[in-house]
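>>> Provided below for reference: sequence and predicted model.
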Amino acid sequence: MKAIVRRLRRLEDQARPIVNDRGQTPAEVLRERRRRRLEAAGLQFEDRPQESFAGALSIAEIIHMDRRRPRESERLRSGSFTYKG
């Protein structure tokens, strides 16, 4: 029984989110840095809703989406976009 309790405690410690001295998780720190950087550049910050694991995007899809977004916003700002319908 002691072994099971120890193992459960170890798993709980591993699953506990890591927080800094302000109580922020690494994801919150990155989100805040990204928001400040975009606002300093005059761009609008769009906070995406948290996805569940069942509907989560793959890492490749997230990277592709993030690389495509700045190009699309630049194209819309410059007015040089074509209708694809």
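Right, received. Where do you want to start?

>>> Pull the number of nearby residues for residue 1.
Residues lying near residue 1 (other Cβ atoms under 10 Å) number 5. To be clear about C-beta, it is placed using only N, CA and C from the backbone, and glycine gets the same treatment.

>>> separation between residue 61 and residue 34?
18 Å (Cβ to Cβ, to the nearest Å).

>>> between those two, who's got more neighbours?
residue 34 (13 against 10).

>>> and residue 70, how many residues sit next to it?
When neighbours are counted by other Cβ under 10 Å, residue 70 registers 11.

>>> Show the model's pLDDT score for it.
On pLDDT, residue 70 comes in at 70.

>>> Point out where the chain drops to low pLDDT.
49-57, 71-85 (pLDDT under 70).

>>> Would you mind stating the distance between residue 48 and residue 67?
Counting by Cβ to Cβ, the gap from residue 48 to residue 67 is 15 Å.

>>> now stretch 9-28: how far from the chain's centre is it?
16 Å (Cα atoms, centre = their mean, to the nearest Å).

>>> Stretch 33-40 now?
Centre-to-centre, stretch 33-40 and its host chain are 13 Å apart (Cα atoms, centre = their mean).

>>> got a list of contacts for it?
Stretch 33-40 is contacted by residues 44-45, 47 when judged by Cβ atoms under 8 Å, 6 or more residues apart in numbering.

>>> try it again with 7 Å
Outside stretch 33-40, the residues that touch it by Cβ atoms under 7 Å, 6 or more residues apart in numbering are residue 45.

>>> residues of that stretch that come out buried?
Within stretch 33-40, no residue counts as buried by 16 or more other Cβ atoms under 10 Å.

>>> Please save the CA atoms from that stretch in CSV.
What follows is stretch 33-40, C-alpha atoms only, in CSV (Å, rounded to 0.1, in the frame of the first residue of the first chain):
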residue,chain,number,x,y,z
ARG,A,33,4.9,37.9,-23.9
ARG,A,34,3.2,37.3,-27.3
ARG,A,35,0.4,39.7,-26.5
ARG,A,36,2.9,42.5,-25.5
ARG,A,37,5.0,41.9,-28.5
LEU,A,38,2.1,42.1,-30.9
GLU,A,39,0.6,45.1,-29.3
ALA,A,40,4.0,46.9,-29.4
